[in-house]
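> Predicted coordinates and the sequence they were generated for:
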Amino acid sequence: MGKAGGDSRALINEQGLRIDGRKLDELRPIKIEVGILKNADGSAYIEFGKNKIMAAVYGPKEVHPKHSALPDKSVLRCRYHMSPFSTEERKNPAPSRREIEISKVMREALEPALMLQDYPRTAIDVFVEVLQSDGGSRCAGISAAAVALADAGVNMRDLVAACAAGKVAEQVVLDVDDTEDKEGQADLPIAIMPNVNQVTLLQLDGQLTDEEFGKAFNWAIEGARKVYQLQRQALIGRYFAPEGNENS
Amino acid sequence: MGKAGGDSRALINEQGLRIDGRKLDELRPIKIEVGILKNADGSAYIEFGKNKIMAAVYGPKEVHPKHSALPDKSVLRCRYHMSPFSTEERKNPAPSRREIEISKVMREALEPALMLQDYPRTAIDVFVEVLQSDGGSRCAGISAAAVALADAGVNMRDLVAACAAGKVAEQVVLDVDDTEDKEGQADLPIAIMPNVNQVTLLQLDGQLTDEEFGKAFNWAIEGARKVYQLQRQALIGRYFAPEGNENS
Amino acid sequence: MGKAGGDSRALINEQGLRIDGRKLDELRPIKIEVGILKNADGSAYIEFGKNKIMAAVYGPKEVHPKHSALPDKSVLRCRYHMSPFSTEERKNPAPSRREIEISKVMREALEPALMLQDYPRTAIDVFVEVLQSDGGSRCAGISAAAVALADAGVNMRDLVAACAAGKVAEQVVLDVDDTEDKEGQADLPIAIMPNVNQVTLLQLDGQLTDEEFGKAFNWAIEGARKVYQLQRQALIGRYFAPEGNENS
Amino acid sequence: MSAVKKIIVIEQLKRNQMNELLARGTRLDGRGMLDTRPMTVTPNVIEKAEGSSRVLLGNTEVIAGVKVNVGTPFPDTPDKGLLVVSAEVLPLASPYAEPGPPDESTIELARVTDRGVRESGMIDVGKLVLVEGKHVYAVFVDVSILNADGNLFDAVSAAVVSALLTAKIPKYEVTAEGSITKTEEKIPLPIQTIPAAVTMAKIGDYILVDPDSEEEAVMDARITFVSDDRGNICAGQKGLGGTFSFEQVVFAASTAKLKGDQIREIIKQGVHSAV
Amino acid sequence: MSAVKKIIVIEQLKRNQMNELLARGTRLDGRGMLDTRPMTVTPNVIEKAEGSSRVLLGNTEVIAGVKVNVGTPFPDTPDKGLLVVSAEVLPLASPYAEPGPPDESTIELARVTDRGVRESGMIDVGKLVLVEGKHVYAVFVDVSILNADGNLFDAVSAAVVSALLTAKIPKYEVTAEGSITKTEEKIPLPIQTIPAAVTMAKIGDYILVDPDSEEEAVMDARITFVSDDRGNICAGQKGLGGTFSFEQVVFAASTAKLKGDQIREIIKQGVHSAV
Amino acid sequence: MSAVKKIIVIEQLKRNQMNELLARGTRLDGRGMLDTRPMTVTPNVIEKAEGSSRVLLGNTEVIAGVKVNVGTPFPDTPDKGLLVVSAEVLPLASPYAEPGPPDESTIELARVTDRGVRESGMIDVGKLVLVEGKHVYAVFVDVSILNADGNLFDAVSAAVVSALLTAKIPKYEVTAEGSITKTEEKIPLPIQTIPAAVTMAKIGDYILVDPDSEEEAVMDARITFVSDDRGNICAGQKGLGGTFSFEQVVFAASTAKLKGDQIREIIKQGVHSAV
């Protein structure tokens, strides 16, 4: 949202199409793969537009130091991190304030879906590595992390699926990419538990009227539901494919 | 003491008055308030010239990590810190070497007055925050911290009162302010326990002959005694005021 | 090796002598002193060309924190550090990546010679301080550290002696100094246990053919053997001198 | 025993009591669900700062200070001044605050406050340029939290906004040779709107405006919306490991606009009384 | 139980089994002593980077990315561009990897990789100068290690080398006023040779090429040699608290040259298939 | 058992013994109350440094080194060169010294030493300016403490002062275009006076000059005064959690001047013998 109310020349053309040719309510191409990292207890890889993101889960496992364990449930820990080559300008590998904030909201977006009380005195580590970044990397990362948690066999109430809507050239759009994020007017990333209709992440940057907010919020929910279908397919493909991989 | 022996044009005028109109042995205006922070176990606020400083005490309390506790007395810990907006140029919030040194001498200035052996295996934390700085902030901070310790009900042998004297335009002066500190010739901050006549802090920057040192040292002691009277009044006002606040 | 294959004007003259007048297979002057630091359990000082390096050993001693102790042997810890005034340009006192790497390979070079299993649940600290640096400071530091370990009375299988060979102006040379290191073509520092003929450190920067590698490796071994004789003399002088210092 | 220590020993008893009260539509301190605590805004408390403000929200106390100097713009926004919001929960503020670099909660607090100011367009950063691509005004707003008794988000936001509203910054000028000099003149910042942050807690199924620290100790989730004075929502943030239903999100957004108008009035009065 | 967790519970049984196998000239996974695991090299996997490559070596997986900008040369080498190699063993890669700044092992890994590239003269840094002493190309190669299953040295080296070989960097130009501008044109880096790193483990008295993580768990010492395509050895590093005999060092150096040629071929094929 | 380890096991016995001795006016090592240990000053021990000095004070051993380059003056002192004193208690120096950034005691040590040099006006920093406001000499004095056996303050101060006295720094010149070049010429620093630090311990009611580490282990408080050669006291610092009576402070200040003259003589002789 570098330019609130800013330059909006070509972001939507006369045919109502966006710079990459998408319709206003169209998602970018999405690909999800499950269980590709050998050492992790669970893992997933997502391509979401130009985002390329790896998620890995270790745990439930022993906690060090011991006094940070909880007697009644597992401690969920999260790290969202960008590889130095993932951005236009090289990113310093030390965690930025942005990465620290996203790590926090990501943890809070995943936590409601996990049966942490089933694993007292343990920790579950979720690591999300952005190998290439585009707009919406936090949503893509959350969606990948939820799949990695399922792949690790952690007990879950529901999956968590995430998607953003926003405002570009005075119009509400679904799934804001990098250019739209920088030159557009608003970005509203959310995460939901799709089967219990609960919001687990919500952030907003940029200006929306009440009406626009309602529309963007509903579009983002519908976008997240589509992401959820792809998450399910990826997990089914992994665990119930005709080739017969191991069952969960 | 940026300019030892340096420029001294207008620091003292023909009438023997200083740039803010004070006489050579006159203190700046001082205001002390007690018990204003709700969460702290004890607190005090001091205005000393343009210094605006808050002091808070937490404890005696449990020590973490446990192995840093002492079997025979309480551990006194001190932090002197300047808010970023407290100085002419914005101050980086990370502790500077100067703040680390002042935190140390402040702890050593307060420690002799405390009955630490009454609280074995505990810690007492003293936090001094400079919201606006002027010359003499360490002295003002120590004086506020001593009042906050009394407000917290920590057993004390005596209060600690602090004041500086110095040398400006070849003359000994009491209570050096910011401009006098920067353009003057010497600064001698001290802290005393006023009822037992002991020095708990002494630092010196800048050049003094034996005679000047003796005069400045005595003036600083007298200044500290005046500060002590204001500390007492503030504590009496807090605990024995006609309006009837809670008694200590 | 700033200039691999680079400028080699005067590094070897027409008489086959090097810039400091040495022959190709000649060591720089070396001086070793034992037991000069009063507080350390063992210490040694080495001058190796212009290198001036102090090594100190503390231990075997208790480990903090306790969980970092090993049940079956002592933990060897090493720090290689350069004083800020030891280099041409002032060196930042914080450990550089280079110093961290050298600390690691130095530890691994000394460890094979030590009977660590004789001291379970303890730590042995080796500190190497470069007071003035010249080419070959890691080799000189290892040689000094081995003597300091012997001075501390740590049980050893053998001493460790170190020396580098290299390539300068297309010729293999022994014991590369600072200028030769910067303007030469290769540097091959090694450390050996001279009585059991084992290599405990080997690094290589710069280009060597098979033949050159073999020659440089053999010269470095012979250089290390000469260093070993000086280490022995220093230890004998310390412990069996006619003046009769304490025996080990 | 201090106020915050009491919070810690909140037991099931109190949690039950809180739920019973909430079922009857009221709160421990007698407030209604959508009532904020009294807020006072006192600008210009730090004379050495270019702008400053002390905000009390119930027992929560914070001071914001503005310092301005000349900096280099980011390469991708050569035509914009710099605005940096930082916060520190001072160890004075609570027995749980530790000295040291800001933790994730304080970073979140500063970044959400920053986004509210930035995305509302409160400051016209396009007017803070001296030489495009080279020299711009750099506006630093630092917040010292002196006493933490719940809802730091709204207190910090109000302090930052009122400090910026009352700031008088040195005017810099470009010399003939292209270097920058500080003049004696003081100018206000280019203000375009007044954003207001409103934070709500979810406890069980109830939404409460402006939670105090006793309520924060038992809340399941937190949601903040910032609105401007032109009817827009311009920043939002959900926090903690609980959830909101879709309806609760929409309710929270519209509540934030209503309550935001009240907070904006308090800020304006505080600023007005200071001039 | 994951692959790496199994390593940890390697007991004397396994160590004995490994020694018996080695005595017969073979290894747990059936390889001969001097056999490497299959290596695949896939360049251009990160489009936003100037160059990139993903390398699989058995189950070890790493990605290297190249970013280029303009920097200031070091005072003692005003006539040379900058080349900086960094690596991070991501916490995704193994249960033993911790988030945070690189530890001594990762620093060693990056520095040995850097020396292999630098000392081989792979990049002609003398051609990366824009204005001597003032402006040079700064080439950053960062490696993210995604899965650690032994021999990171050779996998990281191959990824860095193949990313540099395929990089297309923006061409910068010096303007009339002496400042630097980025053009639209993309150019390759000035490549002079292709270095290849070969790492060997010593277990008991045996020398094994390309140890996997089960072998690394029991190895006594490690030695790496980097060779170029002109018959030179150009970097070396012994690691861990074991030793090598003089003969073993010479054997390892010549083995590294032989196996280095094979790895160089794999890199070339990977790069070729990508163009 | 090393010297410092012995200190730790100093028990009540030793403390009693020390008090008995002090009551008779003498000390464990036979010194009178106001006697310093032997001090030797050896300049020019580090040829690569612009100046250097090794000081032995009893068994305390420190080395100071001076490095000079060109820096930018502070905005509020555009007409003054830079002088930066740092110290590190190397882990070699004592079993209690830890590697890592300086702790509060070492910071205090460096800052008190710095103030003694600075406030005495030892170096005429007004003569270290090349282009006012832009380029000045930056003088770094770093002290490595090799063996710590009490009274680091006086040993470090003497090392810093003697290193500065004997330093020969490169002469820099301003070119016609206004840039700075280093010449081959070496010049001394502009010296105005020779400061000397004298530290005293208070044990019970006794004031002892130059405490060793056994005395430091039982001392109640510490006081340092620095004097110049023109009869001024120019820096002072009380340390530790004990106190001094008003009379003791005045006594300590005048003692420091007397003993400071002796130390100044030792420094002068060390410097003289080196030239």
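Okay, I see it. Since the model is a prediction, treat every value here as computed from it, not as a measurement.
> pLDDT weak spots in chain A?
Across chain A, the ranges flagged by pLDDT under 70 are A:1-9, A:241-248.
> Quick check: residues of it near chain D?
Residues of chain A lying near chain D by C-beta under 8 Å from any C-beta of the partner chain: A:1-2, A:4-5, A:76, A:89, A:97-98, A:100-101, A:103-105, A:107-108, A:111-112, A:182, A:186, A:188, A:193, A:197-210, A:213-214, A:217, A:221. Backbone N, C-alpha and C define where each C-beta goes, glycine included.
> Let me know how buried the closest residue to chain E within chain A is, in neighbour terms.
Of all residues in chain A, the one sitting closest to chain E is residue A:85 (2.4 Å; C-beta to the nearest C-beta). Residues lying near residue A:85 (other C-beta atoms under 10 Å in any protein chain shown) number 26.
> Could I get the contacting residues of it?
Applying C-beta atoms under 8 Å, 6 or more residues apart in numbering or on different chains to residue A:85 gives the contacts A:91, A:131, E:46, E:48, E:49, E:52, E:64, E:65, E:66, E:67, E:142, E:144.
> Just say helix, strand or coil for the second one.
It stands for residue A:131. What DSSP: H, G, I helix; E, B strand; the rest coil gives for residue A:131 is strand.
> the longest helix in the chain is where?
Just going to use chain A. In chain A, assigned by DSSP state H, the helix with the most residues is helix A:210-239.
> let's do chain D instead
helix D:246-274.
> Give the other helices and strands that that one contacts.
Applying 3 or more C-beta pairs under 8 Å, 6 or more residues apart in numbering or on different chains; DSSP states H and E, we find helix D:246-274 packed against strand A:198-208, helix A:210-239, strand D:39-43, helix D:152-166, strand D:196-203, strand D:206-209, strand D:221-227, strand D:233-239.
> And the second one, what's buried?
Within helix A:210-239, the residues that qualify as buried by neighbour count (16 or more other C-beta atoms under 10 Å in any protein chain shown) are A:212-217, A:219-221, A:223-224, A:226-228, A:230-232, A:234-235, A:238-239.
> Show me what residue of chain A gets nearest to chain D.
Nearest residue of chain A to chain D: residue A:204, at 3.2 Å (C-beta to the nearest C-beta).
> List the residues that contact that residue.
Applying C-beta under 8 Å, 6+ apart, the residues near residue A:204 are A:186, A:187, A:188, A:213, D:225, D:233, D:234, D:235, D:236, D:237.
> Need the nearest residue in space to it, chain neighbours excluded.
residue D:236 (3.2 Å; C-beta to C-beta, 6 or more residues apart in numbering or on different chains).
> what's around the one you found, how many residues?
With other C-beta under 10 Å as criterion, residue D:236 counts 30.
> Show me the beta-bridge partners of it.
residue A:204, residue D:225 (DSSP bridges).
> Chain B versus that one, what's the distance?
When distance is defined by C-beta to the nearest C-beta, to the nearest Å, residue D:236 is 27 Å away from chain B.
> By neighbours, which of the contacts of residue A:85 wins?
That'd be residue E:64 among those, by other C-beta under 10 Å, with 33 neighbours.
> in what helix or strand does it lie?
Assigned by DSSP states H and E, residue E:64 falls within strand E:60-71.
> What strands line up against that strand, and which way round?
By DSSP bridges, strand E:60-71 pairs with strand E:51-57 (antiparallel), strand E:135-147 (antiparallel).
> what helix or strand is residue A:173 on?
Here residue A:173 is assigned to strand A:171-174, by DSSP H and E.
> Point out the other helices and strands that the helix or strand following that strand packs with.
On the C-terminal side of strand A:171-174, the nearest following helix or strand under DSSP H and E is helix A:178-183. If you count contacts as 3+ C-beta pairs under 8 Å, 6+ apart, helix A:178-183 packs onto strand A:161-168.
> For residue E:84, see how far away the residue lying closest to residue A:93 once chain neighbours are set aside is.
Distances taken as C-beta to C-beta, 6+ apart place residue A:84 nearest to residue A:93, at 5.2 Å, with adjacent residues excluded. Using C-beta to C-beta, to the nearest Å, residue A:84 is found at 10 Å from residue E:84.
> The two - which one has more neighbours?
Higher neighbour count among residue A:84 and residue E:84: residue A:84, with 20 against 14, using other C-beta under 10 Å.
> Give me the three-state assignment for the more buried one.
Three-state call for residue A:84 (three-state DSSP): coil.
> Distance-wise, check it relative to chain B.
Distance of residue A:84 to chain B, computed by C-beta to the nearest C-beta: 24 Å.
> and that residue, what does it touch?
Contacts of residue A:84 (C-beta under 8 Å, 6+ apart): A:90, A:91, A:92, A:93, E:65, E:67, E:86, E:140, E:142.
> helix, strand or coil for the residue of chain A found nearest chain B?
Chain A approaches chain B most closely through residue A:67 (9.3 Å), counting by C-beta to the nearest C-beta. The local conformation at residue A:67, judged by three-state DSSP, is helix.
> Look up the pLDDT of residue D:100 for me, please.
Model confidence at residue D:100, expressed as pLDDT, equals 87.
> so residue D:124 touches residue D:192, yeah?
Yes. Residue D:124 is in contact with residue D:192 according to C-beta atoms under 8 Å; the separation is 5.3 Å.
> Show me what counts as buried in stretch D:237-254.
D:237-244, D:248-250, D:252-253.
> okay if I get those as CSV plus distance to residue E:42 and pLDDT?
Output for the buried residues of stretch D:237-254, formatted as CSV (distance: C-beta to C-beta, whole Å; pLDDT from 0 to 100):
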residue, distance to residue E:42, pLDDT
D:237, 39, 98
D:238, 39, 98
D:239, 41, 96
D:240, 42, 96
D:241, 39, 94
D:242, 43, 96
D:243, 41, 97
D:244, 43, 98
D:248, 47, 97
D:249, 43, 97
D:250, 47, 96
D:252, 47, 97
D:253, 46, 96
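> of those residues, closest to chain F?
Using C-beta to the nearest C-beta, those come closest to chain F at residue D:239, 34.5 Å.
> Show the contacting residues for that closest one.
By C-beta under 8 Å, 6+ apart, the neighbours of residue D:239 are A:105, A:108, D:108, D:221, D:222, D:223, D:224.
> Please name the spatially closest residue to the residue in chain D that chain C sits nearest to (chain neighbours excluded).
Going by C-beta to the nearest C-beta, chain C is nearest to residue D:101 of chain D, at 17.4 Å. Nearest residue to residue D:101 in three dimensions, chain neighbours excluded: residue B:94, at 7.2 Å (C-beta to C-beta, 6+ apart).
> how much space between the one you found and residue D:152?
For residue B:94, the distance to residue D:152 - C-beta to C-beta - is 21 Å.
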